[in-house]
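Q: Take a look and give me a structure for this.
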Amino acid sequence: MVLKIPLGIKMHKINLLFDSLEGAYAPNTIRSYRSDYMHYSNWCQKYQYDPFNIHEDKFADYVLQMGENLTVATIQRRVASLSSIFNLTKSINPTKEPVIILTIKKLRRKFGKPQKQATPLTYDILTKLKNVCSNDIVGLRNRLLLQLGYETMRRRSEICKFKFEDLQHLSSHKYALLLRHSKTDQYNQGKIIPISNELSEMISSWSLAIDQDSGSILRSFKRNLSTNPSLTPASINHILKRLQKQAGLNQIGELSGHSFRVGAAIDLLDKNIPLEKIMLRGGWKSETSAMRYLQSWNDSNWLVVN
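A: Numbers count the residues shown, from 1 in each chain. Predicted coordinates for the structure are as follows:
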């Protein structure tokens, strides 16, 4: 039997849900929920199914149809989003049914490919990149970016959010940076990240060079070499690409903002640091996520660059 539910009623229900999520969920999460729901809702409308009361076999058809032109990772994300929406609206949740789990496993075996990992930026590569930085104010900024990214092991969006006010002087001549918010810190509890004296001195030198002691640490430049308020995450990739070319390191694969996390974690593993401490440093919540980043640990090409 085909169910016909007025579209206006469905959209009113879901819009009320999304409005209620504001402030409790990150804006990017809400946007993803909206996008994933609209894709699913349009499919339901095509076949005249009630999106909040769909049989598991019909939902399996939806998953299979997504498999025709979407990656397994995208399908899993959409199913996870819809599972949250079903739970939040107290609707029947077909995503946990065995037929759906088996359908996704079949798609993974048929189409799944290992997720491409960022090229590791290990200490050896870090040194070579710093050596090609210019001696002007741009080079000063770039060396700071490299050291900051490598030591903190943060995502590029998080690296750009560090402020001068986040530099903290601890006891016994030790320093740290306050990470006010991260992808895995949805409640803004913050995290103290210890840093080296070298990085602390680099931040201080940069502060003096640009005559700023508040606001974003990393800045982009205007044509007259005065600074903009902040550096964008996308700019980090562009800077790394230029430095990599100058250092003649094109053979290792393209560096990106995620390369800091991977390279630093691999260096820590190579020093026999326990995985639990590496996860704490890098902000990984599960061993699975951490090891996905570290899958190239045994590849000696990342450990030594000639």
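Q: So which residue is smack in the middle of the protein?
A: residue 155 (5.6 Å; Cα atoms, centre = their mean).
Q: Please report how far that residue lies from residue 260.
A: Using Cβ to Cβ, to the nearest Å, we find residue 155 at a distance of 9 Å from residue 260. Yep, even glycine has a C-beta here, placed from its N, CA and C like the rest.
Q: do the same with residue 240
A: Counting by Cβ to Cβ, the gap from residue 240 to residue 260 is 9 Å.
Q: what do the two both touch?
A: Among the neighbours of residue 240, those also in contact with residue 260 (Cβ atoms under 8 Å, 6 or more residues apart in numbering) are residue 121.
Q: hmm, back to that, and the residue nearest to the centre of the chain, what is it in contact with?
A: Residues near residue 155 by Cβ under 8 Å, 6+ apart: 182-183, 257-258, 261.
Q: Repeat that for residue 100.
A: Contacts for residue 100 (Cβ under 8 Å, 6+ apart) come out as 56, 59-60, 63, 79, 94.
Q: What helix or strand is it located in?
A: In this assignment (DSSP states H and E), residue 100 forms part of helix 98-111.
Q: Please point out which parts of that helix sit buried.
A: By neighbour count with 16 or more other Cβ atoms under 10 Å, helix 98-111 contains the buried residues 100, 103-104, 107.
Q: same question, stretch 267-283
A: By neighbour count with 16+ other Cβ under 10 Å, stretch 267-283 contains the buried residues 267-269, 278-279, 281-283.
Q: Please list the outside residues in contact with stretch 190-197.
A: Stretch 190-197 is contacted from outside by 151-152, 154, 168, 170, 173-182, 185, 281, 283, using Cβ under 8 Å, 6+ apart.
Q: What subset of those is buried?
A: Neighbour counting over the contacts of stretch 190-197 (16+ other Cβ under 10 Å) leaves 151-152, 154, 175-177, 179-182, 281, 283 as the buried ones.
Q: what's the farthest-apart pair in the residues you listed?
A: With Cβ to Cβ as the measure, no two of the buried ones among the contacts of stretch 190-197 lie farther apart than 175 and 181, at 20.3 Å.
Q: For stretch 153-163, the averaged confidence score.
A: Across stretch 153-163, pLDDT averages out at 93.
Q: Distance across it, terminal residue to terminal residue?
A: Counting by Cα to Cα, to the nearest Å, you get 16 Å between the two ends of stretch 153-163.
Q: try stretch 152-161
A: Start-to-end span of stretch 152-161 (Cα to Cα) is 12 Å.
Q: Could you do stretch 161-175 as well?
A: Using Cα to Cα, the end-to-end distance of stretch 161-175 comes to 18 Å.
Q: quick revisit: which residue of residue 240 and residue 260 possesses the greater neighbour count?
A: residue 260 (30 against 24; other Cβ atoms under 10 Å).
Q: quick one: contacts for the more buried one?
A: Contact partners of residue 260, counting by Cβ under 8 Å, 6+ apart, are 121, 149-150, 152-154, 156, 159.
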